[in-house]
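S.K.: Got a predicted structure plus its sequence, pasted below:
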Amino acid sequence: MRTMRQDSRDRPTERLIECPPPRTHGVGRRRHMALDEEFLSMLRGFRPGGGLARSGELTSILAGRSAHIGTLARWIVQGEVIHLDWQHDTWLPVFQFGRPEFAPSAAVKRVLDEFRGVLDPWDSAYWFASPSAALGGRTPAQALEADAELVFEAARLYRYGVDA
């Protein structure tokens, strides 16, 4: 949810409460500034799990593991991994890849399947990086390994607009 308040210069500012609903796409400078802030928020939210990596970096890692060059692209197209487009590149959170095989998480895919047709890739990534009251203030990315079922239930609640 988002709430509006006034800052010290009497301009409306947004304050995030829980996971915000999917944003509406505005136009112009204001939209780009909001997206900049959201991207920075995602960088912070994904940092504890290894951060964000560009698709080129991950393709190199996969190639070193003898994976086909199109493996990452297939995972993205099939909705098996969290990804977002930013500054003419595709970024992926590192936490979702198991070690040492570097395969995508089945739990992440389950949540992404729940969001399919409801959230776009950016909003799905933002949800994973945002603290949730349903998860005790943890981000879904932080909570997933320890409690995948609770993260899935939080995703389902979010999808149907239920405040937890």
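M.R.: Perfect, thanks for sending it.
S.K.: phi, psi of the most centrally placed residue in the chain?
M.R.: For the chain, the residue lying nearest the average C-alpha position, counting by C-alpha atoms, centre = their mean, turns out to be Ala125 (1.4 Å). Geometry field for Ala125 lists phi and psi as phi -60, psi -40, criterion degrees, to the nearest 10.
S.K.: any idea how far it lies from Pro140?
M.R.: Taking C-beta to C-beta, to the nearest Å as the measure, Ala125 falls 10 Å from Pro140. In short, each C-beta sits where N, CA and C put it, glycine included.
S.K.: Count the residues that sit near Ile61.
M.R.: As a burial measure, Ile61 scores 14 neighbours (other C-beta atoms under 10 Å).
S.K.: What lies in contact with the helix or strand hosting Phe152?
M.R.: Phe152 is part of helix 148-159 when elements are defined by DSSP states H and E. Judged by C-beta atoms under 8 Å, 6 or more residues apart in numbering, the contacts made with helix 148-159 from elsewhere in the structure are 19, 107, 110-111, 114-115, 118-119, 127, 132, 134-135, 140, 143-144, 163-164.
S.K.: Tell me which stretches of the protein form helices.
M.R.: Along the chain, counting by DSSP state H, helices occupy 28-46, 55-64, 71-77, 106-115, 121-129, 140-143, 148-159.
S.K.: Under the pLDDT cut-off, which ranges of the protein? List them.
M.R.: Counting by pLDDT under 70, the chain contains low-confidence residues at 1-30, 163-164.
S.K.: Excluding sequence neighbours, find me the nearest residue to Trp122.
M.R.: Nearest-residue entry for Trp122: Leu84, 4.9 Å, with adjacent residues in sequence omitted and distances by C-beta to C-beta, 6 or more residues apart in numbering.
S.K.: What of Ile76?
M.R.: Take Ile76 and drop its neighbours on the chain: the residue closest to it by C-beta to C-beta, 6+ apart is His83, 5.2 Å away.
S.K.: Spit out the contact partners of that neighbour.
M.R.: For His83, the contacting residues are 55, 76, 90-92, 121, 125, taking C-beta under 8 Å, 6+ apart as the criterion.
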